[in-house]
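Participant: What follows is a predicted protein model with its sequence.
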Amino acid sequence: MSAPATGLGAAERQRRQGAFVDQPRGFDLLSLPGLRRFVRWRHSRLVMQLLLLAVAAFVLVDGFTGRQVAPRNVATTSVWLHYRGLLVFALAVVGNLFCAACPLMLTRGPSRLLERLLPRKLAWPRALRGKWVVLGITVVYFMVYEVFDLWASPWLTAWVVVGYFAAALLVDTVFPAGTFCRYVCPLGNFNFALASASPTQVTAVDPDVCRRCEHKPCLHGRYTAPEPPQGAVALPLAGAHAGFVPLAEVVRPNGTGFFPGCETDLFVPTITSNMDCTLCMNCVRACPYDNVALTVRAPGRELHKAPWARRGRLSVMAFGVLLAFFGVMNALAMVPPFYDAAEALSGWLGTRNEAVLLGVMYAGVTLAGLALTLGAAAAADALGGRWEGLRAAFERWGYVVVALGFGFWAAHYTFHFLTGALSIVPVFQHFFEYRGFAVDPNWRLAQVVPSRYLFGIQAVITAAASVLALYTSARIGLREFGRRGVLAMWPMFLFVLVFTAVQLVILAQPMEMRGTILGPMD
Amino acid sequence: MTSPSFERTATIVLVAAALALLAACKPGDQGSGNAARQAGGPTAGGLTAAVSVSDTVVGGGVVEVTLKDGDALVEGAAVEVHGDMTHAGMAPVIAAALEVEPGLYRTEVFGFTMAGDWIITAQAKAQDGRTAKAEAFVTVSR
């Protein structure tokens, strides 16, 4: 028997009477004509995945067998230019669309076959259920990118793609489905972190429907048939907790059989963040009451609401914050002052080993960034009149840096995309010409906008992210410290302005694209 | 019916074979390394091209292409030079090389647009329709 409502705390009363959590209540993108019907269709994700799988196939074929000149190869052009450019565009305009269409998840079929070779699935170790592992993998990934000039090598780029497929297959064979996405994939987690600034979020249309829902199919999946099954039904392991929902009970039925739930353990009415949401739309398909929306919200709405407090806390925040400084390094590595610094460091350390020099420089920027973030956050807490330690300050204010990180990556990737997006046409023409077809690539196709506008566009993106970061600072300050928040937000304001200035200086530098950070020896 | 151990072994062998196949098909590494170098060819019917690049600074660049048929210099060919950066997506520089001496073709100011690593590809077509290609890898400085 439930306790009388009058005896409950305010939060519990709200939970039982209204929304589970604070979710945006904007326009539902799925209400656009035909979109909900498409997304509810059992094979909708597969269609999107097959499109990217086709691109991946071109990447592998050209990367392994094509001409090894990066600007003329599908592997390097589509991966390092178009994927990254379109990724930040999609994140800024809609959300995590690339995880939604991720072809790596097509390894589900093979992994279900391979599962049979194992005595049982292993549980992902509790100690690793945060973002520390993926943070480490991301650092290694960025280092490998620089040391081996992945952007200049179609062959290595193709190997990276093979490695991704193999890792997804291996991890999700040995561990439960979704483990790779949530704890291992650096690209997915990059998307998760930056999607905190995206203008959409999965929400429950009517929380009361979720409250009455018995099986929570959005989380556990559901099995639907006209009649209850007689005896055991062979469901995939992912459906171990799936409930049976008769076809007659399904609102706007979308077929029968097993509909998987969320692989990253998100329960729709409690979602407050895009963290860990692959936008796979399993929840939309699995919900028997058609009660899931993709709601339009203010960009970055979640950033000032401490959304990661329940999903990994420190490790998630460390990942989000460090991503901003990895973004600084990634852009720095293309401008002349970086090469000058590398030469100076090389002389100082007495080594010309690129891995060592890059490691030292990555560590330097990362530590400096962390120190500045911690310093600003600690000062903000102190001015707010509350001191709960460095970790609390970091977890409170780190979202400000996440917003800045989004701006840096978006500005940098947009530059490359606009510089060469049209080159995909001659690159594909060359793919066929190289294999004997009578095609004449038009190599004059490359830029989308003239070079003179590029810095202006980057500056606008930078400014937008800075405004978002300032707004986030102000809201966090007022939320946490009331009237003293007006004081508390100032250290973060200063941090944002300094970061923005540094970003603009870096982006304004003439760019270089060298395979080595050191010049030739005299 | 196959046993689980056979399936397991077969899977491992198949995966290992697929990886070995991929590893074995590494193509030539033109354009993906760091060292400055140049390469002539491929040749067609004895026609060979050699390319050299000087004044490798932003805004500059002179590309010379020597075209031979055996030991004989080839006159009257059409020669086009492409400059590609090693990073994908950068607009190439494309210029015609004009014959300045018998068998020697030169672009005047090639116009490197950015400092960094460039792959220079010269494509020549002789009057009799035969073609030749040559590549050079250069680092352009500020």
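Facilitator: Ah, there it is.
Participant: alpha carbons only for contacts and neighbour counts from here, please
Facilitator: Noted.
Participant: What residues does A:Val21 make contact with?
Facilitator: Residues counted as contacts of A:Val21 (C-alpha atoms under 8 Å, 6 or more residues apart in numbering or on different chains) are A:15, A:269-272.
Participant: now these in JSON lines, with pLDDT, distance to A:Gly243 and neighbour count?
Facilitator: Below are those laid out as JSON lines (pLDDT from 0 to 100; distance: C-alpha to C-alpha, whole Å; neighbours: other C-alpha atoms under 10 Å in any protein chain shown):
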{"residue": "A:Arg15", "pLDDT": "54", "distance to A:Gly243": "24", "neighbour count": "15"}
{"residue": "A:Pro269", "pLDDT": "95", "distance to A:Gly243": "18", "neighbour count": "24"}
{"residue": "A:Thr270", "pLDDT": "94", "distance to A:Gly243": "20", "neighbour count": "17"}
{"residue": "A:Ile271", "pLDDT": "94", "distance to A:Gly243": "21", "neighbour count": "19"}
{"residue": "A:Thr272", "pLDDT": "93", "distance to A:Gly243": "25", "neighbour count": "25"}
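Participant: By mean pLDDT, point me to the weakest helix or strand of chain B.
Facilitator: strand B:37-39 (a mean of 49; mean pLDDT, DSSP states H and E).
Participant: what about stretch A:140-156 and chain B, any contact?
Facilitator: Yes. Applying C-alpha under 8 Å from any C-alpha of the partner chain, one finds stretch A:140-156 touching chain B at A:151-153, A:155.
Participant: B:Ala122 and B:Asp84 touch, don't they?
Facilitator: No. B:Ala122 is not in contact with B:Asp84 according to C-alpha atoms under 8 Å; the separation is 11.3 Å.
Participant: Looking at the two, which one has more neighbours?
Facilitator: Neighbour count, other C-alpha atoms under 10 Å in any protein chain shown: between B:Ala122 and B:Asp84, B:Ala122 has more, with 29 against 25.
Participant: Return the residues in contact with that one.
Facilitator: For B:Ala122, the contact set (C-alpha under 8 Å, 6+ apart) comprises B:49, B:51, B:65, B:79-82, B:133-135.
Participant: which of those are buried?
Facilitator: By neighbour count, with 16 or more other C-alpha atoms under 10 Å in any protein chain shown, these hold B:49, B:51, B:65, B:79-82, B:133-135 as buried.
Participant: Tell me the one of those nearest A:Glu395?
Facilitator: B:His82 (51.5 Å; C-alpha to C-alpha).
Participant: could you point out where chain B is predicted with low confidence?
Facilitator: Residue ranges of chain B with pLDDT under 70: B:1-45.
Participant: what's the nearest residue to whatever residue of the stretch 51-200 of chain A ends up closest to chain B if we skip its chain neighbours?
Facilitator: Of all residues in the stretch 51-200 of chain A, A:Pro71 sits closest to chain B, at 3.8 Å by C-alpha to the nearest C-alpha. Nearest non-adjacent residue to A:Pro71, counting by C-alpha to C-alpha, 6 or more residues apart in numbering or on different chains: B:Ala88, 3.8 Å away.
Participant: picking up where we left off before, which members of the contacts of B:Ala122 are the farthest-apart pair?
Facilitator: Based on C-alpha to C-alpha, the longest span within these runs between B:Ala49 and B:His82 and measures 14.2 Å.
Participant: so which helix or strand takes in residue 84?
Facilitator: Since no chain was named, I'll use chain A. Using DSSP states H and E, A:Arg84 falls within helix A:84-93.
Participant: I was after chain B.
Facilitator: According to DSSP H and E, B:Asp84 maps onto strand B:78-85.
Participant: Ok, A:Leu494 next?
Facilitator: helix A:485-508.
Participant: strands paired with the helix or strand following that helix, and their directions?
Facilitator: Per DSSP H and E, the first helix or strand lying C-terminal to helix A:485-508 is strand A:512-513. Sheet pairing for strand A:512-513, assigned by DSSP bridges, gives strand B:115-125 (parallel).
Participant: What are the buried residues along the strand it pairs with?
Facilitator: B:115-125.
Participant: cool, stretch A:301-321 as well?
Facilitator: For stretch A:301-321, by 16+ other C-alpha under 10 Å, it's A:301-308, A:311, A:313-321.
Participant: quick revisit: and the buried ones among the contacts of B:Ala122 as CSV, adding distance to A:Thr414?
Facilitator: Formatted as CSV, these follow (distance: C-alpha to C-alpha, whole Å):
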residue, distance to A:Thr414
B:Ala49, 39
B:Val51, 35
B:Val65, 37
B:Val79, 35
B:Glu80, 31
B:Val81, 29
B:His82, 25
B:Lys133, 34
B:Ala134, 34
B:Glu135, 31
